[in-house]
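[1] Could you work out the structure for the sequence below:
(one chain, ligands or ions: 2)
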Amino acid sequence: ADDQGATGEAIIHADDHPENWLSYGRTYLEQRYSPLDQINRQNVGDLKLAWFYEFDSNRGQEGTPLIIDGVLYASTNWSKIKALKADTGELLWAFDPKVPGNVAVRGCCDTVNRGIAYWNGKIYFGTFDGRLIALDAKTGKVVWSVNTIPKDAALGNQRSYTVDGAPRIAKGRVIIGNGGAEFGARGFVSAFDAETGKLDWRFFTVPNPKNEPDHAASDSVLMNKAYKTWSPTGAWTKQGGGGTVWDSIVYDPVTDLVYLAVGNGSPWNYKYRSNGIGDNLFLGSIVAVKPETGEYVWHFQATPMDQWDYTSVQQIMTLDLPINGETRHVIVHAPKNGFFYVIDAKTGQFIQGKNYTYENWAYGLDPKTGRPIFNPEGLYTLNGKDWYGIPGPLGAHNFMEMAYSPRTHLIYLPAHQIPFGYKNQAGGFKAHPDSWNLGLDMTKTGLPDTPEARAAYMQDLKGWLLAWDPVKLQAQWSIERPGGWDGGVLATGGDLVFQGLATGEFHAYDATDGKDLFKYDLQSGIIANPVTYSVNGKQYVAIEVGWGGIYPISMGGMSRTAGWTVNHSYLAVFSLDGKAKLPTWNSIGFLPVKPPAQFDEKVVDKGYFQYQTYCQTCHGDNAEAGGMLPDLRWSGAIRHKDAFYNVVGRGALTAYGMDRFDTSMTPDEIESIRNYLIKRATDTYERETEARKNPSKIPTAPALGITP
Ligand SMILES: O=C(O)c1cc(C(=O)O)c2c(n1)C(=O)C(=O)c1cc(C(=O)O)[nH]c1-2
Ligand SMILES: [Ca+2]
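    Ligands and ions are numbered 1, 2, ... in the order given. Next comes the predicted model:
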């Protein structure tokens, strides 16, 4: 159809130009498969570093670069863009949208950016403070810029919006969502005209709190269908309800539909959010809409009554699959909840599904509808009991993308097991300003601190690369790793599967059997997705390097099971004849500093509560950092009350992403955190110092306070 536009046609026919990587998942199918085969099973062992380019941010890097006619466009943390010559790494231009540092506190999961879109000579990307920007791809000059968060909409009280997902473009409309459901937000996506930046339509994913029209594409389905799946008086009416679309949005030219991947409830606690009533549409769902108008077509809800942060925002991939002797055009989807779904792409009808990892919240799926058969023990907000949930809120699969090879008919799925202790906030829902507001007890969700409990928990941390058969719903082969949070996957015509790991190793595996054919130490945890392209007939493989995202910042010390990882942020590019060499970087992390001698025991408990409420989700559970943001036990600022208050209360470090908290905490509360940090430093200094005497052994048990 000619209404696809020239770039749309180029994306549909991407295989005619395999040298390029034109859109986030390479094609509209989002299979992350490239037919390039110059690098293959026979020669990948000789792969070498061709060049690397260091970024000017040292936080998690989750970007998928695009490659268009010899130019590589990369997005980095803090929503910055670099245009580089794809064969040499020479900088052509750079763009910094100057996101104010104090907005970091609005986002749950690091100031990441997952990628960009290309359309008709322009580059499009979202910024952490909520803008969508179009740049001239040749010059990096701004063509237009819009604020994607409407000032006048009913979005709840907290309005904690951030934009970190890659925009997608369908028929000349740039579609972008946002994050914020751990705080307080109402999810929606907006579609802007790619040439002018004018708003075309908006679709809210959860109802208006008063069931009033938003004057948006979603009005009729929300008022007629979704609203009655919510209690009219739950905390959602104040917090926004959630349903943020922070990652996958996919246009499918076969069905001519746009699929929106919808997130978790806000607050998480279902009893508080919706009085324990209703399925809460469209949380944990895929919603299909028309690209021109945003009009609702169908939805499939994977997680009704969400209370676990089981988002369905994860990658939406489309495939043609043989099912019962018939070829069907389907969506395959592995959301956080641990189940793999095959859904009819045109109608949303459930075809089949099965758990792809161990999970304990559901006994299985109803074979007709795909609805989970709940384990009543897992409904912790209804039964009032503590719940050790698997998957936890980081899911069995997160933003790390899976890939599909049409040669092996397998999906390469980066999965993990990161359990979580869910516990209800006592005494009803209470929101804190500038904080996560889950309706959960944030101190008890703190991970265990006794050596025994930690040792047991560590045993439960696992990661896998699954070579998943989407027809048989089973892994044909898999690789198990200690600890999760490994990067996304690329599959190629050379029968290779590439993946970067939390340990900093970059690997190539044989796509047919998982044999490890290549590994390279990139010296910082990898969470991003690799891509491949070619320039003048030479094939390259590129990956953004930089440890971060939610796992290390919230799990802190526990995330070290995946490897002792320090953040070095850069783009690494490989070729068969590369000659570049990385310097040797510090790999032992923040060094312990002998803590001040005194602290006030009486305020330590209060400090712990304040820390877990306001600090934990970035600086790590129990004041142990995970290798990316500062480990506060060793911070110079804990040595003096005023120095600490200047940072925490008055915002001395806002430029680096540390907001001021004098609007949410009293000076006494802030001082109690300092005392708690000194106590934690005192308790752990010895073991952390010991652990570093043998740098190669740092991630092992002693560094975690576990008796080996
Ligand atoms: O509910 C939300 O609005 C929201 C937003 C985001 C985000 O914008 O990055 C994440 C999550 N949730 C989330 O649940 C999650 O596990 C997650 C991981 C990451 C990351 O980049 O490491 N972001 C997010
Ligand atoms: Ca979430």
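
[2] what about stretch 116-132, start to end distance?
    End-to-end distance of stretch 116-132: 10 Å, with CA to CA, to the nearest Å as the criterion.

[3] Counting neighbours, what do you get for whatever residue of the stretch 1-150 of the chain ends up closest to ligand 2?
    Closest to ligand 2 within the stretch 1-150 of the chain is Cys108: 6.2 Å, counting by CB to the ion. Every C-beta, even on glycine, is put in place using the N, C-alpha and C of the backbone. Residues within reach of Cys108, counting by other CB atoms under 10 Å, total 22.

[4] so what's it scoring on pLDDT?
    Per-residue confidence (pLDDT) for Cys108: 92.

[5] Could I get the contacting residues of it?
    By CB atoms under 8 Å, 6 or more residues apart in numbering, the residues touching Cys108 are Gly179, Gly180, Glu182, Phe183, Trp436, Ile550, Thr617.

[6] Also Asp37?
    Taking CB under 8 Å, 6+ apart, one finds Thr492, Gly493, Gly494, Asp495 in contact with Asp37.

[7] Who does the first one form a beta bridge with?
    Beta-bridge partners recorded for Thr492 (DSSP bridges): Ser34.

[8] what's near enough to touch it?
    Shown in contact with Thr492 (CB under 8 Å, 6+ apart): Tyr33, Ser34, Pro35, Leu36, Asp37, Ile39, Asn40, Ser405, Phe498, Ala511, Thr532.

[9] Apply 6 Å and report the result again.
    Going by CB atoms under 6 Å, 6 or more residues apart in numbering, Thr492 touches Ser34, Leu36, Thr532.

[10] Same list (those) but as a markdown table, adding distance to ligand 1, pLDDT and neighbour count.
    Shown next, in a markdown table, are those (distance: CB to the nearest ligand atom, whole Å; pLDDT from 0 to 100; neighbours: other CB atoms under 10 Å):
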| residue | distance to ligand 1 | pLDDT | neighbour count |
| --- | --- | --- | --- |
| Ser34 | 24 | 98 | 29 |
| Leu36 | 28 | 98 | 20 |
| Thr532 | 23 | 98 | 30 |
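
[11] State the distance from Ala345 to Val245.
    Going from Ala345 to Val245 by CB to CB, to the nearest Å gives 18 Å.

[12] Equivalent analysis for Ile286, please.
    Taken as CB to CB, the span from Ile286 to Val245 is 10 Å.

[13] and this protein, which residues reach ligand 1?
    62, 107-110, 112, 162, 164, 179-182, 244, 246, 263-264, 309, 311, 394, 398-399, 549-550 (CB under 6 Å from any ligand atom).

[14] Wait, Tyr570 touches Gly546, no?
    No. In this structure, Tyr570 is not within contact of Gly546 by CB atoms under 6 Å, at 7.2 Å.

[15] what about Thr64, how many residues close to it?
    26.

[16] Quick check: it touching Gly115?
    Yes. Counting by CB under 6 Å, Thr64 touches Gly115, with 4.2 Å between them.

[17] what sits in contact with each of those two?
    Contacts common to Thr64 and Gly115, judged by CB under 6 Å, 6+ apart, are Tyr24.

[18] one step back: in CSV, list the contacts of Asp37 along with pLDDT.
    CSV is the format used below for those (pLDDT from 0 to 100):
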residue, pLDDT
Thr492, 98
Gly493, 98
Gly494, 98
Asp495, 98
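
[19] From those, pick the one nearest Thr450.
    Thr492 (46.4 Å; CB to CB).
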